[in-house]
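> what follows is a predicted protein model with its sequence.
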Amino acid sequence: MSLTGKYDQQNIFAKILRDEIPAAKVYEDDHILSFMDAFPQSPCHTLVIPKQPSRNLFDTDPQQLLAVMTGVQKIAHAVEKAFSPDGIIITQFNGEAAGQTVFHLHFHIIPKFSELTMQRHGRGQIADMQVLRKQAEKISAAL
């Protein structure tokens, strides 16, 4: 199976970009949107996505990818400043076999706190939107 394919305009991130589904937004510019993961693996788990439709790393225009990676670094710095985790995991999946569950390119910024056990990707409970919004505000303030 190829890692490239037709982009689904009905995926959840496309709906978030169109404001059809609420999200606890952290940052937005002309190229990217960052928001809190609704199924966090760790407290303050943040996502960064391009606004341009692309299924994964292989479908993304190199110039768009540059803007996304610049955004990932910017948001990761803000997460570190806002929450002082012991470490930060930055990850991205390509294809279902690799663990990708939403087929819109996205990067996970997952703070790692030594005293907490991380949830498995895609297996956690949906988070309280008020908690996510407070985390998003704190990250935004650190930008």
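Cool, the structure landed.
> quick one, helices of this protein?
12-17, 62-83, 129-142 (DSSP state H).
> the last one: how far from the chain's middle?
Centroid displacement of helix 129-142 relative to its chain, using Cα atoms, centre = their mean, to the nearest Å, is 14 Å.
> show me what it is packed against.
Applying 3 or more Cβ pairs under 8 Å, 6 or more residues apart in numbering; DSSP states H and E, one finds that helix 129-142 contacts strand 25-28, strand 32-36, helix 62-83. C-beta: built from backbone N, CA, C; applies to glycine.
> buried sites along it?
Leu132, Gln135, Ala136, Lys138, Ile139, Ser140 (16 or more other Cβ atoms under 10 Å).
> what do you get for the longest one?
Judged by neighbour count (16+ other Cβ under 10 Å), helix 62-83 contains these buried residues: 64, 67-68, 71-72, 74-76, 78-80, 82-83.
> stretch 6-18 too?
In stretch 6-18, counting by 16+ other Cβ under 10 Å, buried: Tyr7, Asn11, Ile12, Phe13, Ala14, Ile16, Leu17.
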